[in-house]
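Chemist: Give me coordinates for this.
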Amino acid sequence: MTVGEAVKKRILQLCAENDLSINKLCTISGVTQSTVNNIVSGRNNSATVATVKKLCDGLEMSVRDFFDDPLFDSLEQEIK
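Modeler: Numbering: from 1, shown residues only. Next up is the predicted model:
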């Protein structure tokens, strides 16, 4: 799994855990709907750390907690 795929899955996982729609996540985090839609649809596989931080702020969690998930344990090599 690539880091982009893991970030996408983690966002969807956190929305489900917090009973949030993507639209609500965008509202509480201040990230545009198009940005989050591009991440979760797979059109954007390189979400910035700043975007992840804003999403975390909206979810009231740390960036460390965002990445502290088994999804990020076995990522593919990005340099090919």
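Chemist: Following the chain onward from whichever helix in the chain runs longest, which element is next?
Modeler: The helix that spans the most residues within the chain, counting by DSSP state H, is helix 3-17. Going down the chain from helix 3-17, the next helix or strand is helix 22-29, by DSSP states H and E.
Chemist: what's the offset of that following helix from the middle of its chain?
Modeler: The chain centroid and the centroid of helix 22-29 are separated by 12 Å, computed with Cα atoms, centre = their mean, to the nearest Å.
Chemist: Not counting its own residues, what contacts that helix?
Modeler: 11, 15, 20, 31-33, 35-37, 40, 54-59 (Cβ atoms under 8 Å, 6 or more residues apart in numbering). Quick note: C-beta positions are derived from backbone N, CA and C, even for glycine.
Chemist: quick one: buried residues of stretch 33-49?
Modeler: The neighbour-count check on stretch 33-49 (16 or more other Cβ atoms under 10 Å) flags 35, 36, 39, 40, 44, 47 as buried.
Chemist: got a list of what the fifth one touches?
Modeler: Going by Cβ under 8 Å, 6+ apart, residue 44 touches 4, 35, 38.
Chemist: Same check on the third one?
Modeler: Residues touching residue 39, when contacts are defined by Cβ under 8 Å, 6+ apart, comprise 4, 7, 8, 11, 47, 51.
Chemist: Assess the claim that the fourth one and residue 40 are in contact.
Modeler: Which is residue 11. Yes: using Cβ atoms under 8 Å, residue 11 makes contact with residue 40 at a distance of 6.0 Å.
Chemist: can you pull the contacts of residue 36?
Modeler: Counting by Cβ under 8 Å, 6+ apart, residue 36 has contacts 11, 22, 25, 26, 55.
Chemist: That one and residue 79: what is the separation?
Modeler: Counting by Cβ to Cβ, to the nearest Å, the separation of residue 36 from residue 79 is 27 Å.
Chemist: ditto for residue 43
Modeler: 22 Å.
Chemist: For the one helix or strand residue 54 maps to, buried residues please.
Modeler: Element membership for residue 54 (DSSP H and E) is helix 49-59. Within helix 49-59, the residues that count as buried by 16+ other Cβ under 10 Å are 51, 52, 54, 55, 56, 58, 59.
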